[in-house]
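Asker: sequence first, then the predicted structure:
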Amino acid sequence: MLRVTNMVKRMRACGLALAVLWAASAFPQGRAVEAVEEPEVSAQSAVLISADDGTVLYEKDAHQQRAMASTTKIMTALLVLEEAERSGDPVIEITEEMVRVEGSSMGLMPGDRLTLTNLTAGMLLASGNDAANAAALHLAGSQEGFAEQMNARAQEIGMVDSHFVTPSGLDEEEHYSTAYDMALLAREALGNPEFARIAGSSTLQVDFLEPEKR
């Protein structure tokens, strides 16, 4: 087993905005709310939307296309968890090709065996590029095939200004999104109970079926 800690700081911005709004929706209707000043945001692009209906409450260059880095894994994780639900959370075996990727890692090694849900935990909490690559190869056979699935799901969500190329977010010229599109994605993903559970955890225990030394 492996204990992973949530360190995808760039993903917290989307989650925090939605979480605040979900908490706000718990107040009784009709309760007076004091007006607040427009926030000062240092980010080049930002957006705040309602978790209930997607209404935009604040935006700053929200439709400007920009690189999305590791927030890409929100889409990858959503697709993996949806497949896990459809197929009974199957066990996959990690291959050499799956771990042949640069950047952050959850520490996968060839021969490891774990469920799709546990793979997702390493993807979100440790920002594991190896986990994202493994998921892409398992679900689609190639990064290109998985990118097609990502773009198809993006269209379903309404992410009209986004285009996915990699499952992990490694820089690619044609890999981009907008603050607004990523807010739509975060809202969709947080509607998935397993995604919400994993993303809301500070640490999780990832169980490997093999080898036992994990």
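Answerer: Noted; the coordinates are in hand. Numbers count the residues shown, from 1 in each chain.
Asker: where does the residue nearest the centre of the chain fall, secondary structure wise?
Answerer: For the chain, the residue nearest the mean C-alpha position is Ile74 (1.3 Å; Cα atoms, centre = their mean). For Ile74, the enclosing helix or strand under DSSP states H and E is helix 72-87.
Asker: in the next helix or strand after that helix, what counts as buried?
Answerer: Of the helices and strands lying after helix 72-87 in sequence (DSSP H and E), the nearest is strand 91-93. Applying a neighbour-count criterion of 16 or more other Cβ atoms under 10 Å, the buried positions in strand 91-93 are Ile92. C-beta: built from backbone N, CA, C; applies to glycine.
Asker: please apply the same query to stretch 37-50.
Answerer: Neighbour counts over stretch 37-50 (16+ other Cβ under 10 Å) mark Val41, Ser45, Ala46, Val47, Leu48, Ile49, Ser50 as buried.
Asker: could you pull out the strands for the chain?
Answerer: In chain order, the chain shows strands spanning 2-5, 46-49, 56-60, 91-93, 113-115, 203-206, with DSSP state E as the criterion.
Asker: out of the ones you listed, flag the one nearest Gln143.
Answerer: Relative to Gln143, the nearest member of the strands of the chain by Cβ to Cβ is strand 91-93, separated by 16.0 Å.
Asker: just to revisit the earlier point, pLDDT on the helix holding Ile74, on average?
Answerer: The predicted model assigns helix 72-87 a mean pLDDT of 98.
Asker: need the residues that contact it.
Answerer: Outside of helix 72-87, the residues within contact range by Cβ atoms under 8 Å, 6 or more residues apart in numbering are 8, 11, 14, 90, 115-117, 119-120, 123-124, 127, 132, 135-136, 139, 146, 149-150, 153-154, 164, 166-169, 175, 182, 185-186, 188-189, 192, 194-195, 198.
Asker: from the chain's centroid, how far away is that helix?
Answerer: Averaging C-alpha positions (Cα atoms, centre = their mean, to the nearest Å) puts helix 72-87 9 Å from its chain's average.
Asker: buried set for it?
Answerer: Of the residues in helix 72-87, those buried under the neighbour-count criterion (16+ other Cβ under 10 Å) are 72-84.
Asker: follow-up on the earlier one: mark which of the contacts of helix 72-87 are buried, thanks.
Answerer: Taking 16+ other Cβ under 10 Å as the criterion, what is buried in those is 8, 11, 14, 115-117, 119-120, 123-124, 127, 132, 135-136, 139, 146, 149-150, 153-154, 164, 166-169, 175, 182, 185-186, 188-189, 192, 194-195, 198.
Asker: done for today, thanks.
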